[in-house]
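**Student:** this one's structure only:
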């Protein structure tokens, strides 16, 4: 299951898309949507034509173009079909109703049955405050998977399940902090075993002023290290003027800005208003990658310098293209 990129205590929907497009756009071809969802082109046409699941835009030549929200819905539908629902019964339901179905007790039970046994064991031991057993399980997971596999196959799914449980109110604040600290320790351990990256791409990573949530940002930083891409980690709560000055001095080719807060929740200003500011003041040769809940309502506009990262899988795909 893929979730909205970067850590937040808000409930997450189920699987979200990972864009294969190299150009910044919120329109996807049939082939791209097939890659994003794992559904065949035949299935996509069937769900559209027979069940009216989505209504893609048609170009003058008849070519299908799907919106971001179409891909999100298709992934929700796919999750539910995999869990036993009939597409004809759910195809026309709204996204909130689809998410409600996914969070129902039966669906949660089905999701748990597909969970990595080691991840399930950690949550079980967390409820019993069995810290030594948790550490032992983490060590076993680390030894059975190395580096990139450990991050993508264990730590990311663990974070996603933790976030889901937080959204459902199933994890206490103290347990959330303990698990978050554990993930940070494991990310630091991964980075200590990586050679200093050297690449033509140079990333700066931070969160906007007022946003102190950095767990997702640390995961992105670790992924960059694993891909051998040079990066400078500024961390959380960075004023926009400081970011621009650092980008100029560092010669940054990319800025990855993660925002998990809205202005009403403590952010210094509306995250969306930061985009035109950075486009004016960042070096012309740098690209702005934005991620997190603060940018989830990013308009469907086409800006060559702005890349909207929607999931960790999306980020991994784009980093592979760079590397």
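**Tutor:** Right, received. Where do you want to start? None of the values given here were measured: they were computed from a predicted structure.
**Student:** and the spatially closest residue to residue 74 that is not a sequence neighbour, how close does it get to residue 313?
**Tutor:** Among residues not flanking residue 74 along the chain, residue 37 sits closest, at 4.9 Å (Cβ to Cβ, 6 or more residues apart in numbering). C-betas here are computed from N, CA, C, even on glycine. Distance, residue 37 to residue 313, using Cβ to Cβ, to the nearest Å: 11 Å.
**Student:** if you count what's nearby, which of the two comes out ahead?
**Tutor:** residue 37 (23 against 20; other Cβ atoms under 10 Å).
**Student:** the more buried one against residue 78, yeah?
**Tutor:** Yes: Residue 37 lies in contact with residue 78 (Cβ atoms under 8 Å); the separation is 5.9 Å.
**Student:** just the pLDDT for the residue nearest to residue 74.
**Tutor:** Note on residue 37: pLDDT of 81.
**Student:** how much space between residue 183 and residue 36?
**Tutor:** Computed as Cβ to Cβ, the residue 183 to residue 36 distance reads 26 Å.
**Student:** what does residue 71 give?
**Tutor:** Distance, residue 71 to residue 36, by Cβ to Cβ: 5 Å.
**Student:** now do stretch 134-154: everything it contacts.
**Tutor:** Stretch 134-154 is contacted by residues 116, 118-119, 121-122, 125-126, 182, 186-187, 189-190, 193-194, 219, 222-223, 226, 316 when judged by Cβ atoms under 8 Å, 6 or more residues apart in numbering.
**Student:** pLDDT of stretch 126-133, averaged?
**Tutor:** Here stretch 126-133 scores 92 as its mean pLDDT.
**Student:** now do the same end-to-end measure for it.
**Tutor:** Using Cα to Cα, to the nearest Å, the span of stretch 126-133 from its first residue to its last is 9 Å.
**Student:** I would like the residues contacting that stretch, please.
**Tutor:** 121, 125, 134, 171, 175, 178-179.
**Student:** could you pull out the buried residues of it?
**Tutor:** Neighbour-count burial for stretch 126-133, counted by 16 or more other Cβ atoms under 10 Å, picks out residue 126.
**Student:** equivalent analysis for stretch 77-95, please.
**Tutor:** By 16+ other Cβ under 10 Å, the buried positions in stretch 77-95 come out as 77-81, 83, 85, 87, 90-91, 93.
**Student:** in CSV: those residues, plus pLDDT.
**Tutor:** Below are those laid out as CSV (pLDDT from 0 to 100):
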residue, pLDDT
77, 90
78, 86
79, 80
80, 83
81, 82
83, 74
85, 80
87, 87
90, 89
91, 90
93, 91
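**Student:** redo those residues as JSON lines? Include secondary structure.
**Tutor:** Converted to JSON lines, these look like this (DSSP: H, G, I helix; E, B strand; the rest coil):
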{"residue": "77", "secondary structure": "helix"}
{"residue": "78", "secondary structure": "helix"}
{"residue": "79", "secondary structure": "helix"}
{"residue": "80", "secondary structure": "helix"}
{"residue": "81", "secondary structure": "helix"}
{"residue": "83", "secondary structure": "coil"}
{"residue": "85", "secondary structure": "coil"}
{"residue": "87", "secondary structure": "helix"}
{"residue": "90", "secondary structure": "helix"}
{"residue": "91", "secondary structure": "coil"}
{"residue": "93", "secondary structure": "coil"}
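**Student:** show me the two of those that sit farthest apart.
**Tutor:** Spatial extent of those (Cβ to Cβ) is set by the pair 83 and 91 at 15.1 Å.
**Student:** quick one, longest helix in this structure?
**Tutor:** Criterion DSSP state H: the longest helix present in the chain is helix 173-192.
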